[in-house]
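**Student:** prediction below, plus the sequence it came from.
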Amino acid sequence: MTFSQSREPVPGPEPANPENSENDAVRSAGETSPHRWGFGAFLLVEAVLLASAAFVGVLLSGARTGESVPVRDVLIGTMTPTLIAAATALLITRVRGNGPLLDLRLSWRWDDVRTGLRFGMLGVVCTTVGAFVWTQAVGEENATSAISALIEDQPMSVTAAVVMFLYLWLLGPICEEIIYRGLLWGAVERLSWGKERTGRIAAFLLSTGVFAASHLEPLRTTLLLVIAVPIGLARLVTGRLLGSIIAHQVNNFLPALAILLTALGVVAL
């Protein structure tokens, strides 16, 4: 005898839903364990920055024979401490956290690039106006930065000038943003503020002030505060680090170009 058996359709795999995939990604990111570094990590990086600057300064001054600072020493003394400090910050996120991409909110998004460009242009305007007012207040003889003072009346080779230009325009801002609006910002947000927005505003205010003060140029601190505000706003609005990096690079382009032309002897600051 043959018995007819009712065959129920075997449920197949559900079609992929982009919205569900996006929700899964968000859920997965939310389940990532929080990083285990805080203010101690930032203080360590600052100590590394200051110690490496002092060590490099002593090392180079010991090898100096004349009164003028050699171009090689200017490049090493300007770039090395910041690079070492930024590398230390990245290492901390690896050892005590989830890595720099997650912990420092570092990811590539075109929206963040556009936002960074907008705030960068705002920063150029603010810096131009602020520099004019600051120059009138302190006098033209005092209206200079530490780097400008080093290269003043000291022509560089084309290679050295281009290296300095690229560092001041592109690489330097990346390192500084990793330290201040990456590591310090993350340390502030890690505290219990009750509301996420409160933590972000606190991180914006503290990172802006520390960024300006950490340059160790008391006469330029007020100007550096003006420069830092649009950069910090890019980080605050996007919630990620790329926006502030782009804004910082845009803001640094004209000063870096001026130093390039000065180093080549084309113009005088």
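**Tutor:** Structure received.
**Student:** ranges for the helices of the stretch 51-200 of the chain?
**Tutor:** Under the criterion DSSP state H, counting those that start in this stretch, the stretch 51-200 of the chain contains helices at 71-96, 100-103, 110-138, 146-151, 158-166, 172-177, 185-189, 196-213.
**Student:** which one of the ones you listed has the poorest average confidence?
**Tutor:** Per-stretch mean pLDDT for the helices of the stretch 51-200 of the chain is lowest at helix 146-151 (a mean of 77).
**Student:** save the helices of the stretch 51-200 of the chain as CSV, and put in distance to residue 250 too.
**Tutor:** For the C-beta atoms, the positions are set from N, CA and C on the backbone; glycine is no exception. Formatted as CSV, the helices of the stretch 51-200 of the chain follow (distance: least, CB to CB, whole Å):
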stretch, distance to residue 250
helix 71-96, 19
helix 100-103, 22
helix 110-138, 3
helix 146-151, 18
helix 158-166, 15
helix 172-177, 9
helix 185-189, 19
helix 196-213, 16
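**Student:** could I get those as JSON lines with mean neighbour count and distance to residue 259?
**Tutor:** Listed next are the helices of the stretch 51-200 of the chain as JSON lines, based on neighbours: other CB atoms under 10 Å; distance: least, CB to CB, whole Å:
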{"stretch": "helix 71-96", "mean neighbour count": "18", "distance to residue 259": "10"}
{"stretch": "helix 100-103", "mean neighbour count": "18", "distance to residue 259": "29"}
{"stretch": "helix 110-138", "mean neighbour count": "17", "distance to residue 259": "14"}
{"stretch": "helix 146-151", "mean neighbour count": "16", "distance to residue 259": "6"}
{"stretch": "helix 158-166", "mean neighbour count": "16", "distance to residue 259": "7"}
{"stretch": "helix 172-177", "mean neighbour count": "23", "distance to residue 259": "11"}
{"stretch": "helix 185-189", "mean neighbour count": "22", "distance to residue 259": "28"}
{"stretch": "helix 196-213", "mean neighbour count": "17", "distance to residue 259": "20"}
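**Student:** to residue 35, which of these lies closest?
**Tutor:** Nearest to residue 35, of all the helices of the stretch 51-200 of the chain, is helix 100-103, at 4.6 Å by CB to CB.
**Student:** mind giving me the packing neighbours of that closest one?
**Tutor:** Helices and strands touching helix 100-103, by 3 or more CB pairs under 8 Å, 6 or more residues apart in numbering; DSSP states H and E, are helix 71-96.
**Student:** ok so, going back, right, so of the helices of the stretch 51-200 of the chain, which gets closest to residue 266?
**Tutor:** In terms of CB to CB, the element of these nearest to residue 266 is helix 158-166, at 9.7 Å.
**Student:** what is that closest one packed up against?
**Tutor:** Contact here means 3+ CB pairs under 8 Å, 6+ apart; on that basis helix 158-166 packs against helix 71-96, helix 241-263.
**Student:** so for residue 186, which of those helices sits nearest?
**Tutor:** Nearest of the helices and strands packed on helix 158-166 to residue 186, taken as CB to CB: helix 71-96 at 8.4 Å.
**Student:** what helices and strands are in contact with the closest one?
**Tutor:** Helix 71-96 packs on helix 39-62, helix 100-103, helix 146-151, helix 158-166, helix 172-177, going by 3+ CB pairs under 8 Å, 6+ apart.
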